[in-house]
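**Q** below: sequence and its predicted model.
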Amino acid sequence: MAMLPTIDHELLRTFVAIVDQGGFTRAAQTVNRTQSAVSMQIKRLEEDVIQRPLFVRQSKPLQLTSEGHTLLGYARKILSLQGEALTLLRQPDMVGRVRLGVPDDYVMRFLPGILKTFSQAWPLVDVDVHCAPSSVLSQQPQGSLDLIIMTREIGDEIGTILRREATVWVSAESHCTHLQTPVPLALFEAPCFCRRHACNALDRANRAYRVAYSSPSLATLQAVVGAGLAVSAWMRSLVTADMQILGKKEGFPELPESSIVLLRTSPTQSPIINSLAEHIVEGFRV
């Protein structure tokens, strides 16, 4: 019985990179090879190993053949198992669980990229994500969470400052809710300091308002604002494409900046916690 050829994991890594990056040029940058070297790797994979074409030639955007789709699933599994085996054998201290507290404000905007890169680096580490408002997270019992991301007022920061951002007024792009009197607001539940800043700023500007909607959830506030039911205030980085920022021209006063901080709450010096903290710091730089 003839022996089947083995598949070099570097060929599989390049193949997956081409699919994920949508082309040979960007994949070459990902795997730190020249484009010609990447092309030669795929030629070797197709002609010498699989003996079937993996890509539909001359297709834009890049398309896989049926054999390419089949190999992609196995390639991801093989590379994942290889990473797990190496982690378990070479770095057994990077196997375990870490507990992260974070407001849902940052879950959609920042967390996916952070967790993806962390999982790729340490596939055998499980992450428990606990979502709650910053005011609730700050009151968590000592040791119940390992890391906490929260929003703090300027001058009242604790832990590591991840970034500082302007707080802005927002409304739906396609509605004129901000022209109503009194203007309806959708704000985070008290005791959120962003709520306090927003109300105080409107009071000082003698702008009539009513808090029509309150919620601890950014997703809820975004839904209300997106429907044209209210105006709200949150960090600039959380403003979506279907919303407009309101300023003095529209009769809305400037709001104070806020800080996003990372707090280590576990007394244990764990390499898992340290690594996730590093990924979080890097993820908030974007």
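**A** Good, I have the coordinates.
**Q** figure out how far the longest strand anywhere in the chain is from the centre of its chain.
**A** In the chain, with assignment by DSSP state E, the single longest strand is strand 160-172. Strand 160-172 has its average C-alpha position 16 Å from the chain's average C-alpha position, going by Cα atoms, centre = their mean, to the nearest Å.
**Q** direction included, what does it pair against?
**A** strand 232-235 (antiparallel), strand 243-246 (antiparallel), strand 257-264 (antiparallel) (DSSP bridges).
**Q** surely residue 23 meets residue 63?
**A** No - counting by Cβ atoms under 8 Å, residue 23 does not reach residue 63; the two are 11.5 Å apart. To be clear about C-beta, it is placed using only N, CA and C from the backbone, and glycine gets the same treatment.
**Q** who's more crowded, the two?
**A** Between residue 23 and residue 63, counting by other Cβ atoms under 10 Å, residue 23 is the more crowded of the two (15 against 12).
**Q** going along the chain, name the helices of the stretch 151-286 of the chain.
**A** Using DSSP state H, counting those that start in this stretch, the helices found in the stretch 151-286 of the chain span residues 193-204, 218-226, 271-283.
**Q** mean pLDDT and mean neighbour count added to those, as a markdown table?
**A** Formatted as a markdown table, those follow (pLDDT from 0 to 100; neighbours: other Cβ atoms under 10 Å):
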| stretch | mean pLDDT | mean neighbour count |
| --- | --- | --- |
| helix 193-204 | 93 | 17 |
| helix 218-226 | 93 | 19 |
| helix 271-283 | 91 | 18 |
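**Q** got those helices as JSON lines, with distance to residue 11 columns?
**A** Shown next, in JSON lines, are the helices of the stretch 151-286 of the chain (distance: least, Cβ to Cβ, whole Å):
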{"stretch": "helix 193-204", "distance to residue 11": "51"}
{"stretch": "helix 218-226", "distance to residue 11": "42"}
{"stretch": "helix 271-283", "distance to residue 11": "28"}
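**Q** and these: which comes nearest residue 50?
**A** Distance to residue 50, taken as Cβ to Cβ, is lowest for helix 271-283 among these, at 34.9 Å.
**Q** between strand 257-264 and that closest one, find me the angle.
**A** Counting by axes from the mean of the first three to the mean of the last three Cα atoms, to 10 degrees, helix 271-283 points 160 degrees away from the direction of strand 257-264.
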